[in-house]
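Peer 1: Let me see the structure of the following:
(one chain, ligands or ions: 1)
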Amino acid sequence: MTTRTWQNPLRDPRDKRLPRIAGPCGLVIFGVTGDLSRKKLMPAIYDLANRGLLPPGFSLVGFARRDWADEDFGQVVHDAVKEHARTPFRQEVWDRLAEGCRFVQGSFDDDQAFDNLAKCIKDLDDERGTAGNHGFYLSIPPAAFTKVIQQLARTGLADQKADEWRRVVIEKPFGHDLASAKQLNKTVNDVFPEDSVFRIDHYLGKETVQNIMAIRFANQLFEPIWNANYVDHVQITMAEDIGLGGRAGYYDGIGAARDVIQNHLLQLLALTAMEEPVSFRPETVRAEKAKVLAATRPVLPFAETTARGQYSGGWQGGQKVPGLVQEGGFAKDSKTETYAAIELAVDTRRWAGVPFYLRTGKRLGRRVTEIAVVFKRAPHLPFDDTSTEELGQNALVFRVQPDEGVTMRFGSKVPGSTMEVRDVNMDFSYGHSFTESSPEAYERLILDVLLGEPSLFPKNDEVELSWEILDPILKAWTTHGKPDPYPAGTWGPESADQMLARTGRHWRRP
Ligand code: BG6
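Peer 2: Numbering: from 1, shown residues only. Next up, the predicted model:
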């Protein structure tokens, strides 16, 4: 029997099928000469314009030390768009965007430059109708955050008048430990109310990451088995094949755990382990994530439940590549870890006793990010032992990238006259199931900033809870030993394999 639901003949103005177009506004980017801005932010803004999601008078202001005129900046944006945009280049879209490009020259401690910025923004409101709505994107080193926030406060740029908005967008790293994150939250929240602060974790902008919630909460199939009764453990992997050449300034002394576990991987854990939110309103989703992070803790002793490594020279993709300490800018005795693996426990009824293993590394076998929920073995197997020699554990794998989709792994009979059961995969691939290509994470996130949609941005408490989880491990690592070497192109140090082998488990080889 089919049930028919009543269709409201009047369209809901918040109908999700309608395009979400930002109202009148502008965006200022600090750190506009950096890599992130050129490779991700400017192209994403163009892609949004190309998809018709930006308002007609949208304006993009670059702020940097270079001695550029508006036209020079326009040319830089143009080149970045041509090289990196996802959608095709269309002259008429570009011409419209170019009309709104402005550049303000100055350093962060230059009061005059910020006064000029305030004047520029006022002029944009008058000339292009940006209506007092402006975002400030801090794509700058963390040491400069405080200064810029203070300048925005001093010049009144952070003040929101009625019917106008001012929002600040902050790139990671959001602090380097709990104390510094708290200090930074205070600095930011003294000037901008929390609902005007957008902390970027670009993993949350990825389609495949948002799909974790869709798969978990839109289906009947998975939720009943999403708990300690059925799940043996969870593995969250973010492996990269690239090295750190050219990134010493940012990475040396930071390391893999601070770079991606504190943010991307703990957010993936939160989405995998959280309870169902009562709605998809931002405050309820964020509250559920915060709850599960508050229940998450590292497992002792760290010598057995964590591993860290540093890549040495090796071969990757048929090419000889240097070790970390041979890369320019890294100290010869650098102790920075380029690989980190940790075990976490989630102290809730749902997850009691289920280890969550998180690992990440540079110069590993291949680039892949996935979350594998690995299930317990069936309690009884009515087969001869020889029939199930090739049978592993069932798993549901969210393939975040690069081959986006979901895999279900289970046992199946091998065709033939004997009963032999072997693991097989059932795959869902975005490329096969959907014709639309996924927007870039930054497209989604920048649009959400302009729309004032904070769901996909970690709140201050989530950031602090994540540091609380990681701090004890980082402290132990600083005081004991150094990272174990692993050759480039492999899957990390032996200590990482031993970490799981102790419990009879092993890392997946994606
Ligand atoms: C960044 C890290 O946040 O994410 C980088 O700082 C890392 O070290 C990058 O390379 C990976 O992003 P993606 O989207 O390519 O997986």
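Peer 1: Leaving out the residues flanking it, which one is nearest to the residue of the stretch 151-300 of the chain found nearest the ligand?
Peer 2: Of all residues in the stretch 151-300 of the chain, the one sitting closest to the ligand is residue 259 (4.8 Å; C-beta to the nearest ligand atom). Where C-beta positions appear, they are placed from N, C-alpha and C, glycine not excepted. Counting by C-beta to C-beta, 6 or more residues apart in numbering, residue 259 lies nearest to residue 251, which is 6.7 Å off, once chain neighbours are set aside.
Peer 1: Repeat that for residue 68.
Peer 2: residue 103 (4.9 Å).
Peer 1: any idea of the mean pLDDT in whatever helix or strand residue 449 lives in?
Peer 2: For residue 449, the host element (DSSP states H and E) is helix 441-451. Averaging pLDDT along helix 441-451 gives 97.
Peer 1: Tell me which residues of the helix or strand following it come out buried.
Peer 2: Per DSSP H and E, the first helix or strand lying C-terminal to helix 441-451 is helix 460-479. Using 16 or more other C-beta atoms under 10 Å as the test for burial, helix 460-479 gives 460-471, 473-474, 476-477.
Peer 1: next one: stretch 143-162
Peer 2: 145, 148, 149, 150, 151, 152, 155, 157, 158.
Peer 1: now do stretch 412-432
Peer 2: Buried, per 16+ other C-beta under 10 Å, within stretch 412-432: 420, 421, 430.
Peer 1: got a list of what the last one touches?
Peer 2: If a contact means C-beta atoms under 8 Å, 6 or more residues apart in numbering, then residue 430 has 207, 208, 404, 405, 438 as its contacts.
Peer 1: TSV please, covering those residues and showing pLDDT, distance to residue 245 and secondary structure.
Peer 2: Output for those, formatted as TSV (pLDDT from 0 to 100; distance: C-beta to C-beta, whole Å; DSSP: H, G, I helix; E, B strand; the rest coil):
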residue	pLDDT	distance to residue 245	secondary structure
207	93	30	helix
208	94	28	helix
404	94	27	coil
405	95	31	strand
438	86	29	coil
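Peer 1: one step back: just the ones of the buried residues of stretch 143-162 in helices?
Peer 2: Among those, the members found in helices (DSSP state H) are 145, 148, 149, 150, 151, 152.
Peer 1: need the residues of this protein near the ligand, please.
Peer 2: For the chain, the residues in contact with the ligand (C-beta under 6 Å from any ligand atom) are 240, 259, 260, 369.
Peer 1: Next, give me the two most distant ones among those.
Peer 2: 259 and 369 (13.8 Å; C-beta to C-beta).
Peer 1: where do the contact lists of the two overlap?
Peer 2: Joint contacts of residue 259 and residue 369 (C-beta under 8 Å, 6+ apart) do not exist.
Peer 1: Quick check on the residue of the chain most remote from its centre: phi, psi?
Peer 2: Here the chain reaches farthest from its C-alpha mean at residue 417, the gap being 48.7 Å by C-alpha atoms, centre = their mean. The phi/psi pair for residue 417 (degrees, to the nearest 10) reads phi -90, psi 0.
Peer 1: and if you look at residue 121?
Peer 2: According to degrees, to the nearest 10, residue 121 has phi -70, psi -40.
Peer 1: repeat for residue 429
Peer 2: phi -120, psi 130.
Peer 1: and the nearest residue to it once chain neighbours are set aside, what does it touch?
Peer 2: In space, residue 429 comes closest to residue 405 once its chain neighbours are excluded; the distance is 4.1 Å by C-beta to C-beta, 6+ apart. By C-beta under 8 Å, 6+ apart, the contact set of residue 405 is 208, 399, 427, 428, 429, 430, 431.
Peer 1: mind redoing it with 7 Å?
Peer 2: 399, 427, 428, 429, 430 (C-beta atoms under 7 Å, 6 or more residues apart in numbering).
Peer 1: Which of those residues fall within helices?
Peer 2: residue 430.
Peer 1: Now the two most distant members of the contacts of residue 405.
Peer 2: Across those (C-beta to C-beta), the longest gap, 10.7 Å, separates 427 and 430.
Peer 1: Using PDB, write down the CA coordinates of stretch 51-60.
Peer 2: Provided in PDB are the C-alpha atoms of stretch 51-60 (Å, rounded to 0.1, in the frame of the first residue of the first chain):
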ATOM      1  CA  ARG A  51      26.600  29.200 -11.100                       C
ATOM      2  CA  GLY A  52      24.600  32.500 -10.600                       C
ATOM      3  CA  LEU A  53      24.800  32.300  -6.800                       C
ATOM      4  CA  LEU A  54      26.400  35.600  -6.100                       C
ATOM      5  CA  PRO A  55      24.500  38.900  -6.000                       C
ATOM      6  CA  PRO A  56      24.800  41.400  -8.900                       C
ATOM      7  CA  GLY A  57      27.000  43.900  -7.000                       C
ATOM      8  CA  PHE A  58      29.200  41.300  -5.300                       C
ATOM      9  CA  SER A  59      32.700  42.800  -4.600                       C
ATOM     10  CA  LEU A  60      36.000  41.200  -3.800                       C
END
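Peer 1: Go through that stretch and flag the buried ones.
Peer 2: Per 16+ other C-beta under 10 Å, stretch 51-60 contains these buried residues: 51, 53, 54, 55, 57, 58, 59, 60.
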